[in-house]
Every structure is written in C-alpha cells, then in structure tokens.
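Asker: Here you go, sequence then predicted model.
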Amino acid sequence: MASNGQEGQAAKSSQMAIMRAIQQELAELRAENASIKQKLESNNEGEGEQPRPSKTQATSQPVRTETVEESAQNPPTMGTANTSAMQKNVCRHPFVDGIMETPLPIGWKTLVIDRYDGTTDPDEHIHVYLTQVGLYTTNDAILCKVFPTSLKGATLSWFTRLAPFSIDCFDALTAQFETQFATSRPHNLTSLALINMRQEKGEPLRAFVERFGKTALSIHNLSPEVVLHQMINGLRSGPFADSLCKRPAAIMAELRQRAAKYMHMEELKDFKNKVATEDNATDRRLDKEGARKAPSRPPAHPRTQRFAKYTPLNALRSLVLEEALHTDLLSTPRRANTPPNADTT
C-alpha cells in the first residue's frame, strides 16, 4: 500500500512539472507573438501598407501555439507524444501556397506512364509526362501537383527533400529535375555517326534503311541534306544505288518512296528464291525416297527347250557352224579385249 501511494505521488509530481513547463513555454510564445505583432504594426504605420506575414510565421507559429494550448488543457500522455512525433516526421512538399490546393480537372485519370527512377533520359520523361497531362489540362499548378506521381525510388526521395516553398512554377521544377539527373542523359550523337554507316554484305535494304533512320532520329538539329547525302554513300552497289546515280533524289521523302519500291522487289525476289530452293529440296527428297521404294528386278527365268523333240545332227557341230558362217546365217562374234593382267604366254 505504501509503495502504491508513493508511485501515485511521484506520478502527480511529474505531471505537475510537465504542466508548469508547458505553461512557461506558452507564456514565452505569447510574449513572442505580441512582440512580432507590435513590430508588424509599426512597419504598417511607417510604409502605409500591411505586409504579408512570412511563410514560417503563417504556418509554424499558429500551429505551435494551438498545440501548446491544447497540451496545457490536456496533460500529455504516451498516445499524444507519438502523435506529435508522427506530425514532425511528415514530409512537406516544396511548392508555394496554392499549388497543392488546386483541384484536379473533372474526369482525371491516373497517368499511364513508366515512373522515372533516374536511370533514363530526364528530357524524355518530361516530354512523355507533358504529353499525358496535356490530354486533360495545361494548368501550371496541376503540372506541379501531379508531377511527383510520375517518380519512384531515388527520384521520389530527392523530390521530398527539396526545400519548402522553393518551387513556384513548373519551369522551376523541371529546371531542378533536369539538373539533378543530367548525368542520365544519353550521349549526344552528331552527323559524324552517319559517315561510318555502311550497308553490310547480305544486309537487306529494308534493314539498312531502318537502322540508318533510327540513328538519324537520335541526332538533334540534323540537316536533311546531310541525311540524304550520307544514306546514298552508305548503300552497297545494286539496283537501288544505280537508280539513284541515274536520277538522284531531291528530298528525303522521295528517297524513302523509291526505296520502298526496291524493298518490295528485293523481298519478292528473296521469296521466290526461297520457294525455288524448297521445291528443289523437296524434289531431291522425293527422288531419294522413290529410289528406295523402287521394286527390284524380277529374277531371270531358267532357259528351257522350246520343243520337246529336235532332228538329230548327222554332221559334226564344227562343220555345221562353219557352213552357217559362210552362208551369213550367223554373224562372227567380236573378239573380246584381253585383260591387262592376263597371261598371254
């Protein structure tokens, strides 16, 4: 019982000490507010107009006074201490007053773009962002307000660390954004990159034109005359290059139109060659299969006598054959060649 009483008395004394500290701090803040008010009134009398209170005074002072007054009426507990700590940890935006209060347009939908993480071209992200938001509005305040939703990771952390009230328009925001992530810009190509481009051996005309055009698009402020000249120089000898030598193209649009015709001719020729090759391969395969499946030659039948009975010879066979040769009934057989390794002795 004695220990419980001592604990209760200690709690009351600590609570009273906290109350006295809060009341003292409240009195100091009221005195500071009174002095600031007096200075503002003296400035108004000297300049003839009422100055606008600073952002720090307009935001931090009233909020602090109200918090202290509420704390004086309600002694602090564990829950209120955690709440005040959470309020201090809330990240403030870097925009001036009025930007975050601007309402979004009717029918606004979430942006369908890849959020920027700081590893790609920042200029390209700005262009994609403006294209998406431009479908709904061009209001500068909304451009600033929605921009953080297009960031993620390290870029979003960078945005939350910007100084409060440091951004008053979208141009200022993009300037800091592009400066911060300038190292993520890709290397800027020049017209010299087109000089070394050549159509490789066996490379189709369509593949070369697409490769050349992709490189040309990545070069800023490129002259069309330079593109036309370098593309003609990069072509391999062939029907299209011969056509350009006979009748040069005046502009890139004409060059692309003429190139498209030769692309179709080249692709049609390749298709026919491919079909012919496949047909030849099929014919050879069928011939091989036919040779395997061809029926074998039937076995020769043994010779048999045509008649059952013949007239018997009344002379020697040598005499009969000699007489037949003299009467041209039989032709003399051709003498066979002697084998090279035969024994002629």
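Answerer: Received the coordinates, thanks. Numbering: from 1, shown residues only.
Asker: May I ask which helix or strand encompasses Leu244?
Answerer: Secondary structure assignment for Leu244, by DSSP states H and E: helix 239-246.
Asker: Please put the alpha-carbon coordinates of that helix into PDB.
Answerer: Extracted in PDB, the C-alpha atoms of helix 239-246 (Å, rounded to 0.1, in the frame of the first residue of the first chain):
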ATOM      1  CA  PRO A 239      19.800  -1.800-108.500                       C
ATOM      2  CA  PHE A 240      18.700   0.900-106.000                       C
ATOM      3  CA  ALA A 241      22.100   2.600-105.900                       C
ATOM      4  CA  ASP A 242      22.300   2.500-109.700                       C
ATOM      5  CA  SER A 243      18.900   4.200-109.900                       C
ATOM      6  CA  LEU A 244      20.000   7.000-107.500                       C
ATOM      7  CA  CYS A 245      23.100   7.500-109.600                       C
ATOM      8  CA  LYS A 246      21.000   7.900-112.800                       C
END
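Asker: same question for it, mean pLDDT?
Answerer: Mean per-residue pLDDT for helix 239-246: 86.
Asker: tell me which residues in it are buried?
Answerer: For helix 239-246, a neighbour-count test (16 or more other Cβ atoms under 10 Å) marks 240-241, 244 as buried. The way it works is simple: take the backbone N, C-alpha and C, and place the C-beta from them, glycine included.
Asker: next one: stretch 231-240
Answerer: For stretch 231-240, by 16+ other Cβ under 10 Å, it's 231, 234-235, 240.
Asker: how far out from the middle of the chain is the helix or strand following the helix holding Leu244?
Answerer: The helix or strand immediately downstream of helix 239-246 is helix 252-293, counting by DSSP H and E. With Cα atoms, centre = their mean, to the nearest Å as the basis, helix 252-293 stands 34 Å off its chain's centre.
Asker: for helix 252-293, packing partners?
Answerer: Counting contacts by 3 or more Cβ pairs under 8 Å, 6 or more residues apart in numbering; DSSP states H and E, helix 252-293 is packed against helix 205-217, helix 224-234, helix 239-246.
Asker: Not counting its neighbours along the chain, what's nearest Glu203?
Answerer: Arg236 (7.9 Å; Cβ to Cβ, 6 or more residues apart in numbering).
Asker: so the one you found makes contact with Gln199?
Answerer: Yes: checked against Cβ atoms under 8 Å, the pair Arg236 and Gln199 is within contact range at 4.4 Å.
Asker: What pLDDT is listed against Tyr262?
Answerer: pLDDT, read off for Tyr262, is 88.
Asker: circling back to that earlier point, closest to Ala259 out of the buried residues of helix 239-246?
Answerer: Phe240 (6.5 Å; Cβ to Cβ).
Asker: Show the contacting residues for the residue nearest to Glu203.
Answerer: 198-199, 201, 203 (Cβ atoms under 8 Å, 6 or more residues apart in numbering).
Asker: which of the residues you listed tops the neighbour count?
Answerer: In terms of neighbours by other Cβ atoms under 10 Å, the contacts of Arg236 top out with Gln199 at 21 neighbours.
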